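**Student:** Any chance you can model this:
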Amino acid sequence: MKKLILSALFLSATSMAFAQQNVSTVDQSGNDQNANVEQHGLKNDTDIDQTYDTNGADVYQWGTKNDANINQYGIGNEAGIEQVGTKNVATQLQGLFTLFGGFYNSAMATQYGNLNTSLQEQEGDANTAEVFQNGTSNDATQYQISPWFSSGNYANIYQDGKNNSGEQYQNGEGNAAYITQFGNSNDAYSEQYGEYNFANQWQNGKRNEAEIYQGDEYNTATQSQSGNDNMAVAFQNDFTSTGGYNYAEQTQSGNRNYAEIDQGLGSYDEGNSAVQFQTGNDNVAYVDQEGYANSSTQSQDGNRNISETYQNGSGNVSNTDQMGNDNGTYTDQDGDLNVSGFAQDGKDNLGFVFQNGTGNVSLSSQTGKGNIAIIDQNGVLNVSGTIQNGTNNGISIDQDGWLNVSGAIQDGKNNLGIITQNGLGNLSLFSQFGNGHSNTVNQIGNGNVSTVNQNN
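**Tutor:** Reported below is the predicted structural model:
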């Protein structure tokens, strides 16, 4: 009887020991491979495969049911995984799908917490990938492809919180991508093709989304989001577009803001610059640039403002500044060296600017509520300036030709002013102070001059 009891206790203890032990498997083929594994806790699993020469792998795991996988195929690759917590999973693949393997790639993954996952895949030479995650159920994915004998690409993901997702794809040489996320359920994605593109994404809050797509060379895109449910998207030389050297900057603070920059969707785009600032809630900013050296700045401070800018040509400049709520601007520039500036401060103001030609200038400001201004310029070196202060004022400026100049001031309520110029060198100025004034000027020909002042 004693023998039966002792036998049962021995079998039970043995089964518990096997059930709780950590598992490590190392397979090395080639010369001068190096692998180090350290595991503390229960049911941690490590699998290392090394093929060819002088690859290095380090794994450190502390906790329960963590899983580390490293597969190296090539020469001089370095991989490291550190996991502390429960049920974290990290996978690093180097050179598996490259002829003769990968050379001198580096991958590092550090995960603290529970249920975090990391996947890093490197093909080609001299790529560097880094992941740091702290929290629960975060996910990081990095894909890097580079040519032989190149300087490789660099990718970094830092996530602190819960249910965040970061993904980076790089195919080329000299590209750099950064993702930094704090909070919960944020999502960031960057995709880079070509050479020496730079992408930086920073998010703090909940359910924010950021996307960057870059092709060709030397493009720069930065995205910063603070708050909840914001979305930022930037396209640079993507989908067969060529050019390079474009700059995109998007900053969002608040909730449910949307910003999009399109610098190249199947067209030639080089040296364009687009900047978007949003503070508040439910603002929308969009810019589309095609051509060379166009510049656009959109600033929104308030709620539910909308700004759209379209630029096609070279050297066009557009600046839009919105303060308040429910304001809207639309700017369309087609040609070269056109300049548009529009400032809004108040509520429910609307502004439209259309420029077609070369060297046209339009400057407008609106303060108050419910004002509307429409500026349409066609030709060369036309100039328009408008100022609206008050409520429900309306201005329409239509210039067609060369060197036409118009200026309009409205201060009051329910005023209406219309100027139409067709020809060369016409000048029209009007001012309205008070309420309910109406003014219409039509100039056809050359060198006409009109001045109108109204007040009550």
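**Student:** the strands in the stretch 1-150 of the chain, which residues?
**Tutor:** Taking DSSP state E, counting those that start in this stretch to define them, one finds strands in the stretch 1-150 of the chain at 23-31, 34-42, 45-53, 56-64, 67-75, 78-86, 89-94, 102-103, 106-114, 117-123, 128-136, 139-145.
**Student:** mind putting those in CSV, distance to Thr320, mean neighbour count and mean pLDDT included?
**Tutor:** Where C-beta positions appear, they are placed from N, C-alpha and C, glycine not excepted. What follows is the strands of the stretch 1-150 of the chain, written out as CSV (distance: least, Cβ to Cβ, whole Å; neighbours: other Cβ atoms under 10 Å; pLDDT from 0 to 100):
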stretch, distance to Thr320, mean neighbour count, mean pLDDT
strand 23-31, 60, 13, 97
strand 34-42, 57, 16, 98
strand 45-53, 55, 20, 97
strand 56-64, 52, 21, 98
strand 67-75, 50, 24, 97
strand 78-86, 47, 23, 98
strand 89-94, 45, 25, 98
strand 102-103, 47, 26, 95
strand 106-114, 43, 23, 98
strand 117-123, 41, 25, 98
strand 128-136, 38, 22, 98
strand 139-145, 36, 24, 98
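**Student:** mind checking which of the ones you listed is nearest Ala234?
**Tutor:** Comparison of these against Ala234 by Cβ to Cβ identifies strand 139-145 as nearest, at 19.3 Å.
**Student:** after that closest one, next one along is what?
**Tutor:** Heading C-terminal from strand 139-145, the first helix or strand you meet, by DSSP states H and E, is strand 154-162.
**Student:** what helices or strands is the helix or strand just after that next one leaning on?
**Tutor:** Sequence order places strand 165-173 as the next helix or strand after strand 154-162, per DSSP H and E. Contacts defined by 3 or more Cβ pairs under 8 Å, 6 or more residues apart in numbering; DSSP states H and E place strand 165-173 against strand 139-145, strand 154-162, strand 176-184, strand 187-195.
**Student:** which strands and helices sit next to the third one?
**Tutor:** Read it as strand 176-184. strand 154-162, strand 165-173, strand 187-195, strand 198-206.
**Student:** The second one too?
**Tutor:** The criterion is 3+ Cβ pairs under 8 Å, 6+ apart, and the helices and strands that strand 154-162 contacts are strand 128-136, strand 139-145, strand 165-173, strand 176-184.
**Student:** What is the distance between that strand and the centre of its chain?
**Tutor:** Taking Cα atoms, centre = their mean, to the nearest Å, the mean C-alpha location of strand 154-162 is offset from the chain mean by 16 Å.
**Student:** Now do it, average pLDDT.
**Tutor:** Mean per-residue pLDDT for strand 154-162: 98.
**Student:** Any chance of CSV for the strands of the stretch 1-150 of the chain, columns distance to Thr358?
**Tutor:** Below are the strands of the stretch 1-150 of the chain laid out as CSV (distance: least, Cβ to Cβ, whole Å):
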stretch, distance to Thr358
strand 23-31, 65
strand 34-42, 65
strand 45-53, 61
strand 56-64, 61
strand 67-75, 55
strand 78-86, 56
strand 89-94, 54
strand 102-103, 52
strand 106-114, 51
strand 117-123, 48
strand 128-136, 47
strand 139-145, 43
